[in-house]
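Engineer: This is the structure alone, sequence omitted:
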């Protein structure tokens, strides 16, 4: 059985400014990769077989830094399926403004913002991607460098929470590492990993 480790990307300018990003990219802050040093410490004892990242720059830059810190020398594959939810017209808005205009944005799993995607569609995209990785690997330790929404989608499905309710009540800091297993299209186990 494969074991997956989810890592959130480093802090971005939009994170600091409390703006939504989704599929758009903003630069990491000057100290944006600092939390990744704590992730390196947490994962130091794990024999990593594969590393994948969202194809968004903030995730790939974090993955590259993480790989260097862990002496991981294989290719890091970038996967669009690991992207954050597409906020559409709400992307790059201050969070408070986006939630004022679209109060159901991160709460209603079926709400689709203009030119974006719903949480349910994002969750299905993520599950399809992880199912593909699960079928492609055997008994591997796999690191996924992605986004807080991806982590929320995975964890909510395991604990049985409504994804929308979970999404607004849980927080995933930039040094968070989640450990999970995935069997037959579903999250079997999920826990925070401390190393």
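Structural biologist: Looks like it came in fine. As the structure is a prediction and not an experimental result, all values here were calculated from the model.

Engineer: longest helix anywhere in the chain?
Structural biologist: With residue count as the measure and DSSP state H as the assignment, the chain has helix 119-136 as its longest helix.

Engineer: List the buried residues of that helix.
Structural biologist: 119-120, 122-123, 125-127, 129-131, 133-134 (16 or more other CB atoms under 10 Å). Glycine gets a C-beta too; all of them are placed from N, C-alpha and C.

Engineer: Likewise for stretch 106-117?
Structural biologist: 106-109, 111-113, 116-117.

Engineer: tell me which of the buried residues of helix 119-136 is nearest to residue 91?
Structural biologist: residue 122 (13.3 Å; CB to CB).

Engineer: Now do the same contact list for the closest one.
Structural biologist: Residues near residue 122 by CB atoms under 8 Å, 6 or more residues apart in numbering: 83-86, 149-150, 153.

Engineer: Among these, which are located in helices?
Structural biologist: Those of the contacts of residue 122 lying in helices (DSSP H): 149-150, 153.

Engineer: any low-confidence regions in this protein?
Structural biologist: Applying pLDDT under 70 to the chain flags residues 161-170.

Engineer: how about the strands in it?
Structural biologist: Per DSSP state E, the chain carries strands over the ranges 3-8, 50-54, 77-79, 141-146, 177-183, 186-192.

Engineer: Sheet-wise, list the partners of the shortest one with their directions.
Structural biologist: Applying DSSP bridges, strand 77-79 is found paired with strand 50-54 (parallel).

Engineer: contacting residues around stretch 83-102?
Structural biologist: Under the contact criterion CB under 8 Å, 6+ apart, stretch 83-102 has outside partners 14, 17-24, 26, 54-56, 105-106, 111-119, 122, 125, 146-150.

Engineer: nearest to residue 184, of the ones in helices among the contacts of residue 122?
Structural biologist: Of those, the one sitting nearest to residue 184 (CB to CB) turns out to be residue 153, at 17.1 Å.

Engineer: tally of neighbours for that closest one?
Structural biologist: Applying other CB atoms under 10 Å, we find 27 other residues in the vicinity of residue 153.

Engineer: need the contact list for it.
Structural biologist: 119, 122-123, 126-127, 163.

Engineer: farthest pair in these?
Structural biologist: 119 and 127 (12.4 Å).

Engineer: I'd guessed residue 128 sits against residue 81; true?
Structural biologist: Yes: using CB atoms under 8 Å, residue 128 makes contact with residue 81 at a distance of 6.4 Å.

Engineer: Figure out how far stretch 26-36 is from the centre of its chain.
Structural biologist: 16 Å (CA atoms, centre = their mean, to the nearest Å).

Engineer: repeat for stretch 13-22
Structural biologist: 15 Å.

Engineer: Can you point out the buried residues in it?
Structural biologist: Buried, per 16+ other CB under 10 Å, within stretch 13-22: 14-15, 19-22.
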